[in-house]
Every structure is written in structure tokens, then in C-alpha cells.
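Enquirer: just a sequence and a predicted model for now, questions to come.
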Amino acid sequence: MTDNTDASPQLDQRIAELFDRMSGGLELVDRAMREQLESASDIMPMIGSHVLSSGGKRLRPILVLLSAELTGYTGSRRVQLGAALELIHTATLLHDDVVDLSALRRGQPSANAIWGNRRAVLAGDFLYGRASSMIVEDGSLAILEIFSNTIRMMAEGELIQLQRSFDTDISERQYYEVIERKSAVLLSAACEIGAVLGEVTRGEVRRVAEFGRELGIAFQVCDDVLDYAAPSETLGKPQCADLHEGKVTLPLLLALKRCTTNERERVASILKNAAQLAAANPGRDAADLAEELDLAPVLELVDRHRGVEDSMRRAQQHAEKAAAAIAAFPDSQPRRALLDLLEYSVERDH
């Protein structure tokens, strides 16, 4: 991975060409997902359609499609499995918005804001069930094991993150433990499943899965940076929304390691106030509470101690590890596409 100021327009063009090339497969994925929305409940198709239509890059099914191509498989199973993984991702978004009391998702009203928390949780459960059925129908025990382990680890990641909410003593190890389980594990599973379809060696499957894992870590670190660095209109949510929800992510974590005792105590006091405010207003969205907190000292601290810049360096390091994981595979269109997605993940602005 290189820092080339002329690379962004070229990368944007390659990504546009990639999505154009993948459009046929992604249309099949989208159709397969929407077929799973049929339900005895009249409201489920409405919730499902709202969430599936709210945008998103479809990164997980793209990774399944490309990883399968990389390892020599181009059959129809990759479409169904890519759709199943995207349904899992969609279910986690429904649940996350309830847990985080989020009123917005990608700049649009979240499902829980429209239909309420109970219906949103049940809709997420429904999508988990549908995704599980698709995996079982595929018939591969190896893929079923990947699927079940992924759901378990994602739930663990959410629980660990909740346990560490508003905690300035969180360590880097604990931070990475959370993002690996909450985010990276699903991207790793997408790549691993694609490689399993290719019927390559176990070592090759592990390398493709490692690519997805390191990509996922880089992607999430970049997400955490954007929460501090990108404007609200770009993010589709308030700036520092993660901090309002009690998530101490890498930019602040690195700043806390370098600041004075007094500065650390001030941040701890601000987070304590945020926790008390959230506890006193359990039904209010974190964005609504944002105006009642002064986060300027935290933002100044992160800026002064280079939390954003150094976090981006970490993201680049993980991207380099991801690229190294598939370096042994022959040069091909899917390999180049995976590397373009990797580069895009750490250069994007939203």
C-alpha cells in the first residue's frame, strides 16, 4: 500500500468499474435477499425492504463473489451464500440500532425509530433465521461451522463492547478484541466461505480468510477515525456518535495513552457525564443527547495527540497485512479487485 496523492481518482475509477462488473452478481444477491422477506407477518416485508433499500456497499457478498473467483469457483452457490451473509449483516444493524438507541441509519430513519424497538429486534431475529435456512440449504458442514462461529463471535463482541462502555481504562488489546469480533469476523467469513467454494487447500483457505480479517480490522479502524474526522452530513449521523454511545475507539485510546493525568481525568469526567445522561434518558437517541454534552475538549485532545493520524497508520498496517495474505495467489482480475477494495477501505471518506 502506498501513499500516492494521484491514486484516489484512479482508485475511484477502478472501484466504479468493479461495481459495474459485479452488478449482475449483486442483482442476483439482492433478489435472493428480497425473496427471504416473505412472511406471515405483514410488517416484516416492510421492515426488510426499508433496511435493504437504505444503501450500503454490499461489501460482504462482493467478498464472497471475488474470493470464490480467486480460488476458481464461479457457480451459483456463491450468490446464495453472499445473500445469507448480507442478511446476517442486516440483522446485526437492526439489533445494533436498538442497542445504541440510534434514530438514523445511513442518514435515514432507522427501523427502530419507525417501527419501535420490539419490532426491530424481532425483524433482526427473522433475518437471522432466514440466513440460517439458506446456509443449511447449501449443505456444506464446513460453511455451516463458519457461519455459526461468526454469529457467536459477533454476539460476544457486542457484549464486550457494552461491558466497556464509557471506560477510559480500556486497553488496545480489548479494543481490537471488540472490533475483530464485531466487524472483522464477518468479512473474514465472507472471504473464507468463498475460498471453501473454490475447494483449494486448507492453507490457501486460511490465507484468504486472513485477508478478510485484516481488511475488516482496517475497515473498522477507518470507520472509527471517520467518527472523529468526517462531517455529520457525510457520515449520515452526528459526529462523535460512537463517543456519545460510550465507545472509546482507537483515536481517543491513543490520545489517552499520551495525555497528562489531568487531561485523562477530564475525559473520564466527560464520559461519566455522558453515561449518567444516557442512564437518565434510556429512551432517547444518543444524537438527541449530543447537544447537552461539550465534547470539544475531547476533540482537541485527540487532535493534539494525533489520534486520527496514528489510527490511520494502524489501518494502513492492517491493510498491508491483508495484501500480504493473498500475495502468493497468481495475478488475476479477482485478486486485483480484492486489493482495490482493500485500498478503498482505508481511503474512503464515508
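Expert: Nice, I can see it. The structure displayed is predicted, hence computed values, not measured ones. Numbering: from 1, shown residues only.

Enquirer: in space, what's closest to residue 195 - neighbours in sequence excluded?
Expert: Of all residues beyond its chain neighbours, the one nearest residue 195 is residue 208 (3.9 Å), with distances taken as CB to CB, 6 or more residues apart in numbering. In this view, the C-beta of every residue, glycine as well, is placed from N, C-alpha and C.

Enquirer: hmm, that neighbour is touching residue 192, no?
Expert: Yes: distance between residue 208 and residue 192: 6.4 Å, which falls inside the contact criterion (CB atoms under 8 Å).

Enquirer: which neighbours do these two share?
Expert: Both residue 208 and residue 192 are in contact with residue 67, where contact means CB atoms under 8 Å, 6 or more residues apart in numbering.

Enquirer: higher neighbour count, those two?
Expert: Here residue 208 and residue 192 are set side by side on neighbour count (other CB atoms under 10 Å), and the busier one is residue 208, at 30 against 26.

Enquirer: what are the buried residues along the host helix or strand of that one?
Expert: For residue 208, the element it lies in under DSSP states H and E is helix 202-229. Buried residues in helix 202-229, counting neighbours by 16 or more other CB atoms under 10 Å, are found at 204-205, 207-229.

Enquirer: can you give the distance of that helix from its chain's centre?
Expert: Centre-to-centre, helix 202-229 and its host chain are 9 Å apart (CA atoms, centre = their mean, to the nearest Å).

Enquirer: ditto for stretch 36-50
Expert: Averaging C-alpha coordinates over stretch 36-50 and over its chain gives two centres that are 24 Å apart (CA atoms, centre = their mean).

Enquirer: for stretch 69-81, same thing?
Expert: The gap between where stretch 69-81 is centred and where its chain is centred comes out at 22 Å by CA atoms, centre = their mean.

Enquirer: with just CA atoms, put that stretch into CSV.
Expert: Provided in CSV are the C-alpha atoms of stretch 69-81 (Å, rounded to 0.1, in the frame of the first residue of the first chain):
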residue,chain,number,x,y,z
GLU,A,69,-13.5,-16.3,-8.3
LEU,A,70,-10.0,-16.0,-6.8
THR,A,71,-10.0,-19.7,-6.0
GLY,A,72,-11.6,-20.9,-9.2
TYR,A,73,-15.4,-21.1,-8.4
THR,A,74,-18.0,-19.2,-10.4
GLY,A,75,-21.1,-21.2,-9.7
SER,A,76,-24.5,-20.1,-8.2
ARG,A,77,-23.8,-21.2,-4.6
ARG,A,78,-21.7,-18.0,-4.1
VAL,A,79,-24.8,-15.9,-4.8
GLN,A,80,-27.0,-17.6,-2.2
LEU,A,81,-24.2,-17.6,0.4
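
Enquirer: buried residues in it?
Expert: Result for stretch 69-81 [16+ other CB under 10 Å]: buried residues 69, 70, 71, 73, 77, 78, 79, 80, 81.

Enquirer: report the mean confidence score over it.
Expert: What stretch 69-81 shows for mean pLDDT is 96.

Enquirer: what does that stretch contact?
Expert: Taking contacts as CB under 8 Å, 6+ apart, the residues outside stretch 69-81 that touch it are 25, 28-29, 32, 61, 64-65, 68, 134-135, 137-138, 143, 193-195, 197-200, 204, 208, 326, 329, 332-335, 338.

Enquirer: pull out the buried residues from the residues you listed.
Expert: For the contacts of stretch 69-81, a burial check counting by 16+ other CB under 10 Å picks out 25, 28-29, 32, 61, 64-65, 68, 134-135, 138, 143, 193-195, 197-198, 200, 204, 208, 326, 329, 334-335, 338.

Enquirer: ok, which stretches of the chain are strands?
Expert: With DSSP state E applied, the chain shows strands at 104-105, 108-109, listed in chain order.

Enquirer: where among those strands is average confidence lowest?
Expert: Within the strands of the chain, the stretch with the lowest mean pLDDT is strand 104-105, showing a mean of 81.

Enquirer: for that strand, the distance to its chain's centre please.
Expert: Going by CA atoms, centre = their mean, the spacing between the C-alpha centre of strand 104-105 and its chain's C-alpha centre is 14 Å.

Enquirer: that strand pairs with which strands, parallel or anti?
Expert: Each strand that pairs with strand 104-105, with its direction, by DSSP bridges: strand 108-109 (antiparallel).
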